[in-house]
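[1] Any chance you can model this:
(one chain, ligands or ions: 1)
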Amino acid sequence: MTTLLQAEGLARRVSTDRWLFRGLNIALAAGEQLALQGASGVGKSTLLNLLAGLDQPDEGRLLFEGKDLKVMEEDKRLHLRRAAFGFVFQAFHLMPHLTALQNVMVPCLIGGLPIDQAKERAQTLLNALGLAAAYEQFPVVLSGGEQQRVALARALVHRPKIVFADEPTGNLDPITANLALELLCRTCRENNAALVMVTHSEKAAERLDRRLVLTN
Ligand SMILES: Nc1ncnc2c1ncn2[C@@H]1O[C@H](COP(=O)(O)OP(=O)(O)OP(=O)(O)O)[C@@H](O)[C@H]1O
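    Okay, here's the model as predicted:
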């Protein structure tokens, strides 16, 4: 199996004498699904952000398809992140001036997909997530759970090689959470996309291939 994402000796220091983690090695193959678990405040979101290249580690390096993200030119890194990465943040980060449908279409349009294809893909995902009636709604009128599902659709729509998700079902009732998780895992498997998911749910973690439990 080829390694898609490799973290070597990753460390995050939060004060002079406090490290959240240090010397962390992770290798993730294409299509592999990893759950990040551990108590609140242990550093899961911090690690996810480092793995996604959204933040720089205090030590160590991150390779994507064998290339060190840090030494990559900025425009190449940006292009890679847009094309190959999908994100579901805890705070959703939807664009307030765009409708739900437009928000989901954005990654496809940035990637150069024709507008009708982007629309079709976005609609298919929104429908699967029970949001067929919300296409034209702006984020401000959507509930937390609805926004979270729009964010999930946006993370998958451009068929990234890897999806980073921070508690992607945290705001959903058990039935909707199950539906969203099912869609996330299935879509990643269909596209041979890797998945790194922070979760407090044992049931959610059990669906994935591997788990990494952070402790103090
Ligand atoms: N740059 C930083 N400077 C200082 N402290 C930080 C920094 N980044 C993270 N921390 C601290 O590190 C700890 C881990 O935070 P993080 O959000 O990664 O935890 P978590 O495991 O995801 O928690 P939760 O499950 O509650 O979301 C927290 O105490 C946070 O305040």
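[2] shouldn't Asn192 be in contact with Ala30?
    Yes. Between Asn192 and Ala30 a contact is recorded at 5.6 Å, counting by Cβ atoms under 8 Å. C-beta: built from backbone N, CA, C; applies to glycine.
[3] what do those two both touch?
    Lys161 (Cβ atoms under 8 Å, 6 or more residues apart in numbering).
[4] Please identify which of those two sits among more neighbours.
    Ala30 (16 against 13; other Cβ atoms under 10 Å).
[5] helix or strand for the residue nearest to Arg207 when sequence neighbours are not counted, which one?
    Leaving aside its chain neighbours, Arg207 sits nearest to Cys185 (5.5 Å; criterion: Cβ to Cβ, 6 or more residues apart in numbering). Assigned by DSSP states H and E, Cys185 belongs to helix 174-190.
[6] what does the following helix or strand past that helix contact?
    Using DSSP H and E, the helix or strand that directly follows helix 174-190 along the chain is strand 194-198. Outside strand 194-198, the residues that touch it by Cβ under 8 Å, 6+ apart are 4-5, 28-37, 44-45, 48, 51-52, 161-168, 184-185, 188, 204, 208.
[7] Buried residues in stretch 181-199, which are they?
    By neighbour count with 16 or more other Cβ atoms under 10 Å, stretch 181-199 contains the buried residues 181, 183-185, 187-188, 191, 193-199.
[8] Please spell out the segments of this structure that come in under the pLDDT threshold.
    Counting by pLDDT under 70, the chain shows low-confidence ranges at 1.
[9] if I look at the residue nearest to Arg207, how far off is the ligand?
    21 Å (Cβ to the nearest ligand atom, to the nearest Å).
[10] And for Lys76?
    26 Å.
[11] looking at this, that residue is in a strand?
    No. If the criterion is DSSP: H, G, I helix; E, B strand; the rest coil, then Lys76 is helix and not within a strand.
[12] Tally up the residues packed near it, please.
    Neighbour tally, Lys76, other Cβ under 10 Å: 11.
[13] thought Leu47 was touching Leu10?
    Yes. Judged on Cβ under 8 Å, Leu47 makes contact with Leu10 at a distance of 7.4 Å.
[14] Out of those two, name the residue with the larger neighbour count.
    Leu47 (25 against 20).
[15] what residues are up against that one?
    Contacts of Leu47 (Cβ under 8 Å, 6+ apart): Leu10, Arg12, Leu20, Phe21, Leu24, Leu36, Leu214.
[16] The last one is in contact with Ser45, isn't it?
    No. Assessed by Cβ under 8 Å, Leu214 is found out of contact with Ser45, at 10.6 Å.
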